[in-house]
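Chemist: Here is the input, now give the coordinates:
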Amino acid sequence: MLNQTTPLDLMFQALADPSRRIMVERLSRGPASVSELARPLTMSLPAVVQHLQVLEASGLVRSEKVGRVRTCHIDWAALQTAEDWMMDRRKNWERRLDRLGDFLAEQEKG
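Modeler: As a prediction, the model looks like this:
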């Protein structure tokens with residue numbers, strides 16, 4: 001799987017940037033225009049649009065243009081994909097730690 005970018009890779013790459021995480025956080029509260037998303041950020045509107053393009057390419061954000069206003073929305077199904085991946089990792093580590101705890105408890109008895 002080397003040199004192949006999966007949808008999950010694109011999502012985590014998009015979320016690696018703090019400005020994009022701020023945008024995703026804002027969109028988690030509901031749709032927002034590009035100018036609304038730009039308001040708390042200290043960057044130009046074209047830079048905000050570039051960040052949004054990365055979020056859209058990752059599948060995390062969708063946008064639609066009505067008239068002169070572009071409104072962005074979170075794609076909850078895509079976000080669920082990332083959450084599912086993280087939960088699978090967590091469950092795996094919880095099972096491993098439970099087995100380690102059982103092993104250590106047996107060692108104390110023995």
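
Chemist: Only C-alpha atoms from now on, for both contacts and neighbour counts.
Modeler: Will do.

Chemist: Doesn't Thr71 belong to a strand?
Modeler: Yes: inclusion of Thr71 in a strand is indicated when DSSP: H, G, I helix; E, B strand; the rest coil is applied.

Chemist: Now it: closest residue in space, sequence neighbours ignored.
Modeler: The shortest distance from Thr71 to any residue that is not its chain neighbour, by C-alpha to C-alpha, 6 or more residues apart in numbering, is 4.3 Å, and that residue is Ser33.

Chemist: Pull the number of nearby residues for that neighbour.
Modeler: For Ser33, the number of neighbouring residues by other C-alpha atoms under 10 Å comes to 16.

Chemist: who does the lengthiest helix in the chain touch, helix- and strand-wise?
Modeler: Longest helix of the chain, by residue count under DSSP state H: helix 76-109. Counting by 3 or more C-alpha pairs under 8 Å, 6 or more residues apart in numbering; DSSP states H and E, the packing neighbours recorded for helix 76-109 are helix 7-15.

Chemist: and the helix it packs on, average pLDDT?
Modeler: On average, the pLDDT along helix 7-15 is 94.

Chemist: Quick check: next helix or strand after that helix?
Modeler: Under the assignment DSSP states H and E, the closest C-terminal helix or strand after helix 7-15 is helix 18-27.

Chemist: Give me the buried positions along the longest helix of the chain.
Modeler: Of all the residues in helix 76-109, those buried under the rule 16 or more other C-alpha atoms under 10 Å are 78-79, 82.

Chemist: pLDDT of it, averaged?
Modeler: pLDDT averaged over helix 76-109 gives 93.

Chemist: Check the offset of that helix from the chain's centre.
Modeler: Distance of helix 76-109 from its chain centroid, counting by C-alpha atoms, centre = their mean, to the nearest Å, is 21 Å.

Chemist: Repeat that for stretch 12-21.
Modeler: Counting by C-alpha atoms, centre = their mean, stretch 12-21 is centred 7 Å from the centre of its parent chain.

Chemist: What is the end-to-end distance of it?
Modeler: One end of stretch 12-21 sits 10 Å from the other (C-alpha to C-alpha, to the nearest Å).

Chemist: I'd like to check what contacts that stretch. Which residues are they?
Modeler: Under the contact criterion C-alpha atoms under 8 Å, 6 or more residues apart in numbering, stretch 12-21 has outside partners 41, 51-52, 54-55, 58, 82.
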